[in-house]
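**Q** I'll drop the sequence and a predicted model, then ask my questions.
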Amino acid sequence: MEQKKAASIATLAMTTFCMAFCFYVVNASDPPLLQDFCVGVSDPDSAVFVNGKFCKHPNKVNISDFLYEGFNIPGDTTNNIQKAKATLVDINKFPALNTLGVLIARVDFAPFGLNTPHFHHRGSEVFAVMEGRLYAGFVSSDNKLFYTMIKKGDIIAFPQGLVHFQLNTEKKEAYAIAAFGSQNPGRVDVANSLFGTNKRILPDVLTKAYDVDGWVIDRLLSQFNTSSDSDTSILELFAASS
């Protein structure tokens, strides 16, 4: 009887542990608050790395810390080839967001401007069109494309970690507001992560991955600013492994 009771207790404990562990693993949101707010402040004299910023002393916090001005100013869409500009209001510009788990951005589009395919690996996004008409979509992990046309007043959601994009389809300017469920959602541009790395990926990797001739990859690589010592580093790698 005692053995059965002990076995039942052990089984219950193990089940509870497994459930707690599973819930812990799938928790991918920013950590919960431990205080009302933590207005970020830089500490250049500290050698300690923190995920976020140090907190400003509450006695020195005032309402101006929670106010950001200039969100109405359009981003520069003329000095980039894609004719679109995403302006993030992150904790570096707006320290009050520190630890709050949110971030906002303004995305401006010149006529036919493109916010290139990218993904945010640390947060989901809601994207609200304020002016204009855009072709927008995202790709699921099984390579299914979800797309639509969105116009002023429409909101679309982009799930965390999935590639998405927006294209202005008209001859007039457009802009949208994007909000994220993380104070640091990150952004990985698909093309840049393959062809614009600071040390160039061995071209053979890319030619085999895309099943194209080498000149195609060379042409793509030439569109990006890559490190001048990229070829040298590749040769050194082969020399070290031989």
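**A** Received it, and whenever you're ready, just let me know what you need.
**Q** okay, domains of the protein per the record?
**A** As assigned by automatic domain parsing, the chain contains the domains 1-190, 196-241.
**Q** okay, those domains, which one's buried deepest?
**A** Across these, averaging neighbours per residue (mean count of other C-beta atoms under 10 Å) puts domain 1-190 on top, at a mean of 15. Yep, even glycine has a C-beta here, placed from its N, CA and C like the rest.
**Q** any chance of the domains of the chain in JSON lines, plus mean pLDDT?
**A** Below are these laid out as JSON lines (pLDDT from 0 to 100):
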{"stretch": "domain 1-190", "mean pLDDT": "85"}
{"stretch": "domain 196-241", "mean pLDDT": "78"}
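**Q** from Cys55, how far off is the residue lying closest to Leu100 once chain neighbours are set aside?
**A** What sits nearest to Leu100 in space, not counting adjacent residues and going by C-beta to C-beta, 6 or more residues apart in numbering, is Gln183, at 6.2 Å. Distance, Gln183 to Cys55, using C-beta to C-beta, to the nearest Å: 14 Å.
**Q** what do these two both touch?
**A** 98-99 (C-beta atoms under 8 Å, 6 or more residues apart in numbering).
**Q** give me the nearest residue to Lys53, chain neighbours excluded.
**A** Lys53 sits nearest to Gly40 (C-beta to C-beta, 6+ apart), 3.1 Å away.
**Q** ok, Leu206 touching Ser193?
**A** No - at 11.7 Å, Leu206 does not count as touching Ser193 under the criterion of C-beta atoms under 8 Å.
**Q** looking at this, Lys208 is in a helix?
**A** Yes - using DSSP: H, G, I helix; E, B strand; the rest coil, the secondary structure at Lys208 is a helix.
**Q** for it, list the residues it contacts.
**A** With contacts taken as C-beta under 8 Å, 6+ apart, Lys208 has no neighbouring residues.
**Q** which parts of the chain are helices?
**A** Counting by DSSP state H, the chain has helices at residues 2-26, 190-195, 203-210, 214-221, 230-241.
**Q** for the second one, name the packing helices and strands.
**A** The one in question is helix 190-195. Helix 190-195 makes packing contacts with strand 114-119 when contacts are defined by 3 or more C-beta pairs under 8 Å, 6 or more residues apart in numbering; DSSP states H and E.
**Q** ok, the strand it packs on: who's next to it in the sheet?
**A** strand 164-168 (antiparallel), strand 188-189 (antiparallel) (DSSP bridges).
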